[in-house]
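Chemist: Just a sequence and a predicted model for now, questions to come.
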Amino acid sequence: MKRFDYWCDFCNHKFEEIITSDMIARCPKCKDERVKRLISAPTIINTISDSKLRESLSDDFY
């Protein structure tokens, strides 16, 4: 399952949904199906602390 951002053409509501491939997105505010999928940046989770990240990078980056 993926999370997508949507914009409703009918009521201008911006929302996000977790959608599987066979689902149709509907606006949670007005229940209309006239929605557009928006382009959004992916979520990136950093599990390395800043000090360990700096140690792992070469001196060329600083």
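Modeler: Sure, I can see it. Numbers count the residues shown, from 1 in each chain.
Chemist: what ranges do the helices span in this structure?
Modeler: Under the criterion DSSP state H, the chain carries helices at the ranges 50-56.
Chemist: roughly how far apart are I45 and F10?
Modeler: Counting by C-beta to C-beta, to the nearest Å, the gap from I45 to F10 is 34 Å. (C-beta placed from N, C-alpha, C; glycine too.)
Chemist: hang on, I meant S21
Modeler: Relative to F10, and taking C-beta to C-beta, S21 is found at 24 Å.
Chemist: which of those two has more neighbours?
Modeler: Counting neighbours by other C-beta atoms under 10 Å for S21 and for F10 shows that F10 has the greater number, 13 against 6.
Chemist: can you list the weak-confidence ranges in the chain?
Modeler: For the chain, applying pLDDT under 70 flags the ranges 1, 46, 48-54, 56-62.
Chemist: one more time with 90, if that's ok
Modeler: Filtered on pLDDT under 90, the chain yields the residue ranges 1-4, 18-25, 39-62.
Chemist: In the chain, mark out all the strands, start to finish.
Modeler: Taking DSSP state E to define them, one finds strands in the chain at 2-8, 14-19, 35-38.
Chemist: which outside residues touch the first one?
Modeler: In this structure, residues lying in contact with strand 2-8 by C-beta atoms under 8 Å, 6 or more residues apart in numbering are 13-19, 25, 27, 29-30, 32, 34-38, 40.
Chemist: Pull out the buried residues from stretch 5-19.
Modeler: Using 16 or more other C-beta atoms under 10 Å as the test for burial, stretch 5-19 gives Y6, C8, F15, E17.
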